[in-house]
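Participant: no FASTA, just this:
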């Protein structure tokens, strides 16, 4: 290769590299308003009031991941509201790290929010595994209580519902599962309802600081993105009994003049359907006494649970579990929703049909069997 | 010889090619056509592919002594005009498949990685890579495939684990709900995405056949088929009614797991590694398109041919003027019959064509 060709080749490569480098339109982290959570409340004139918990890297003294601020905007739609967040912060609103979407009480009870769910599930950045839930009062008010928890409200709720809830007998829901539930079969699904519970402040240095915790013990049922009913704590417990991967239910039994706590440590749920619309559901609970005493083994406290659970306690727990589960089933029939996927089980056998989706839940009798055994 | 390749290398490269293109737009298109039965359409497509691959490898075995190239085989057995027409169809397929792959990747960069770039600048490094590989020969591509193979397979498995655990495969019931006729028809109409073995035609004269011909290729085919069918099943089971709307399957599945995305964006890392297989596929298809032009011209390109490279480059500018949807709804939709000639009919005839061409060659030598 002649010198002239070599130089020409080098110049060509340099020009190509320069063109490639100069044409990439990436966006740096400091140019982004990273949204950790969104709160949606009913806004003016049928619009929405959107509160975004934002982390803005590179803003003076802010430390990434430690401090966040809430930005509240109005908008006729979620799309416009997010654009308004971008205008207000001067940065591109980034939903890639958004872990929770909170629906305020007035919003979810009065608005048919199919367009909101549709927008969120089709958003390229927002993950389908993000948590969607509803809350008592306004979503803005709840997000503003982050100081009371001394951490990001969005991360606290998202983390609890994504990872912790299943261990304390609460089923959780993701954006994907909720969107699917509202658009497939009978269109019914649930959202966890979160509630801020104030607690006493014993901190002498910050006597005015509000403290509290989040309660996750309730749920709301929706059909076609409209509110249907609210489930009580007992009904939520009933629903959790039907869910294999949710454990941690506790039952209190009084026997031999002793009040004992029994905890579910494992669960097996079996189902079968017959040709007449009936469903047999068998729930097998494995239980043990709640931690009663402990002993020091190699410097660690270890629960000591070698006591045999009396037969009367097992019987009592069986009766309680049957009762709680049946209460949930009754509520399901009363409000004609299907959180157990009973219609889906028949769809898998008979194929998809509108008639099946429209059949009332009272036409699908459930025969329930609960058995309890000791761990 | 720089285009020389062993059967084992060919098999590894084939597996990369199978994994490299079917996890982008195809799953959503199939879900649009046959809903939760899309995995069945994929299964049928792989059944046809498996049969054709067996015939093609049989032809490779028959060709092991004379090592005739595709052009010589078709010229001697089907006549030169027919050969040119078939090579023309091959060229169109390779160019279209490269365009569809590149535009899907372009969208993935912009949507998943949030990097926007214009088409020409996006194409420049890809073409540079492809032409460098072309200059070095097919053996260089095969060795790259060998080198990256383990890493890419691990990345694909890592991408699958969490969604597979989340998906409720019972949602795929009842099997065949869309209707078996419709599923078979869909399998045929979407055949454009299959038959990745067609690159083998263009290295026929460079394959080193030693002991095993069928086993390595069929093992690769089996692994690739299982992975693709599983991904399709997981995709429709996981996303249900949303599956037709999510046109970048691997992107959606890959970033699905919340845990993986909060641990140092492990999802992006695995997705990026998997994307390498798409670019390996692009390089192989550009190589084949270039070879098509060489065979159509009828004179071997002794040195790197800039004109042929320029023609391929110009063809890859197509997405600047038309959308992928337009390509799918027009050229690819109407081209399914001529395409199936080279995808399905030709491999079935290959052993016969090789035998005829060999007989004629030997007769000419005598």
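Facilitator: On my side now, so go ahead. The structure presented is a predicted model; accordingly, all values stated were derived computationally and were not measured.

Participant: contacts, neighbours, all on C-alpha from now
Facilitator: OK.

Participant: Could you name the helices and strands sitting against the helix or strand containing residue B:47?
Facilitator: For residue B:47, the enclosing helix or strand under DSSP states H and E is helix B:38-62. When contacts are defined as 3 or more C-alpha pairs under 8 Å, 6 or more residues apart in numbering or on different chains; DSSP states H and E, helix B:38-62 sits against helix B:26-34, helix B:180-189, helix B:214-239, helix B:346-365.

Participant: Give me the buried positions along that helix.
Facilitator: Neighbour-count burial for helix B:38-62, counted by 16 or more other C-alpha atoms under 10 Å in any protein chain shown, picks out B:38-46, B:48-50, B:52-62.

Participant: Then stretch B:65-75?
Facilitator: Buried residues in stretch B:65-75, defined by neighbour count with 16+ other C-alpha under 10 Å: B:67, B:68, B:69, B:70, B:71, B:72, B:73, B:74, B:75.

Participant: How is the first one assigned, secondary-structure-wise?
Facilitator: Yep, that's residue B:67 we're talking about. Under DSSP: H, G, I helix; E, B strand; the rest coil, the three-state class of residue B:67 is coil.

Participant: any idea of the angle the helix holding residue B:47 forms with helix B:180-189?
Facilitator: 50 degrees (axes from the mean of the first three to the mean of the last three C-alpha atoms, to 10 degrees).

Participant: outside of the helix or strand following helix B:38-62, which residues touch it?
Facilitator: The helix or strand immediately downstream of helix B:38-62 is helix B:70-78, counting by DSSP H and E. Residues outside helix B:70-78 that contact it (C-alpha atoms under 8 Å, 6 or more residues apart in numbering or on different chains) are B:80-83, B:201-202, B:204-205, B:295, B:353-354, B:356-358, B:360.

Participant: ranking those by neighbours, who comes first?
Facilitator: Tallying neighbours with other C-alpha atoms under 10 Å in any protein chain shown puts residue B:354 at the head of those, with 27 neighbours.

Participant: Any regions of the stretch 201-350 of chain B where pLDDT drops low?
Facilitator: Applying pLDDT under 70 to the stretch 201-350 of chain B picks out residues B:255-265.

Participant: And the helices in it?
Facilitator: Under the criterion DSSP state H, counting those that start in this stretch, helices of the stretch 201-350 of chain B are mapped to B:214-239, B:249-254, B:258-262, B:266-297, B:306-315, B:324-327, B:333-334, B:336-340, B:346-365.

Participant: need the residues of chain B near chain A, please.
Facilitator: Selection of chain B residues close to chain A by C-alpha under 8 Å from any C-alpha of the partner chain yields B:111-112, B:114-118, B:121-122, B:124-125, B:170-174, B:177, B:239-242, B:245-246, B:255-258.

Participant: right, and the secondary structure at residue A:134 would be what?
Facilitator: Three-state assignment for residue A:134 (three-state DSSP): strand.

Participant: Help me confirm that it comes into contact with residue A:192.
Facilitator: Yes: Residue A:134 is in contact with residue A:192 according to C-alpha atoms under 8 Å; the separation is 6.2 Å.

Participant: quick one: common contacting residues for these two?
Facilitator: residue A:220.

Participant: Let me see the contact set for the residue nearest to residue B:232 when sequence neighbours are not counted.
Facilitator: Nearest residue to residue B:232, sequence neighbours excluded (C-alpha to C-alpha, 6 or more residues apart in numbering or on different chains): residue B:39, at 5.3 Å. Contact analysis of residue B:39 by C-alpha under 8 Å, 6+ apart lists B:229, B:230, B:232, B:233.

Participant: rewinding a little: next, format the helices and strands packed on helix B:38-62 as JSON lines and append distance to residue A:112.
Facilitator: Compiled in JSON lines, the helices and strands packed on helix B:38-62 are given as follows (distance: least, C-alpha to C-alpha, whole Å):
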{"stretch": "helix B:26-34", "distance to residue A:112": "27"}
{"stretch": "helix B:180-189", "distance to residue A:112": "36"}
{"stretch": "helix B:214-239", "distance to residue A:112": "23"}
{"stretch": "helix B:346-365", "distance to residue A:112": "56"}
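
Participant: so which of these gets nearest residue A:72?
Facilitator: Closest approach to residue A:72 among the helices and strands packed on helix B:38-62 is made by helix B:214-239 (31.7 Å; C-alpha to C-alpha).

Participant: Wait, a helix at residue A:191?
Facilitator: No: counting by three-state DSSP, residue A:191 is not found in a helix; it is strand.

Participant: ok, the nearest residue to it once chain neighbours are set aside to residue B:71 distance?
Facilitator: Nearest residue to residue A:191 in three dimensions, chain neighbours excluded: residue A:133, at 5.0 Å (C-alpha to C-alpha, 6+ apart). According to C-alpha to C-alpha, to the nearest Å, residue A:133 and residue B:71 sit 63 Å apart.

Participant: for residue A:249, same thing?
Facilitator: Distance from residue A:249 to residue B:71, by C-alpha to C-alpha: 72 Å.

Participant: One more: residue A:39?
Facilitator: 65 Å.

Participant: next one: residue A:258
Facilitator: From residue A:258 to residue B:71 the distance is 90 Å (C-alpha to C-alpha).

Participant: Show me how chain A divides into domains.
Facilitator: A:28-231, A:233-375 (automatic domain parsing).

Participant: residue boundaries of the strands in the stretch 251-375 of chain A?
Facilitator: Assigned by DSSP state E, counting those that start in this stretch, the stretch 251-375 of chain A shows strands spanning A:258-273, A:279-289, A:293-297, A:300-304, A:366-374.

Participant: So which of these has the densest surroundings on average?
Facilitator: Among the strands of the stretch 251-375 of chain A, ranked by average contacts under mean count of other C-alpha atoms under 10 Å in any protein chain shown, first place goes to strand A:279-289 (a mean of 20).

Participant: what's the distance between the residue lying closest to residue B:164 once chain neighbours are set aside and chain A?
Facilitator: Ranked by C-alpha to C-alpha, 6+ apart and with sequence neighbours excluded, the top spatial neighbour of residue B:164 is residue B:234, at 6.1 Å. Residue B:234 sits 14 Å away from chain A when distances are taken as C-alpha to the nearest C-alpha, to the nearest Å.

Participant: neighbours around residue B:234, how many?
Facilitator: Using other C-alpha under 10 Å, residue B:234 has 25 other residues around it.
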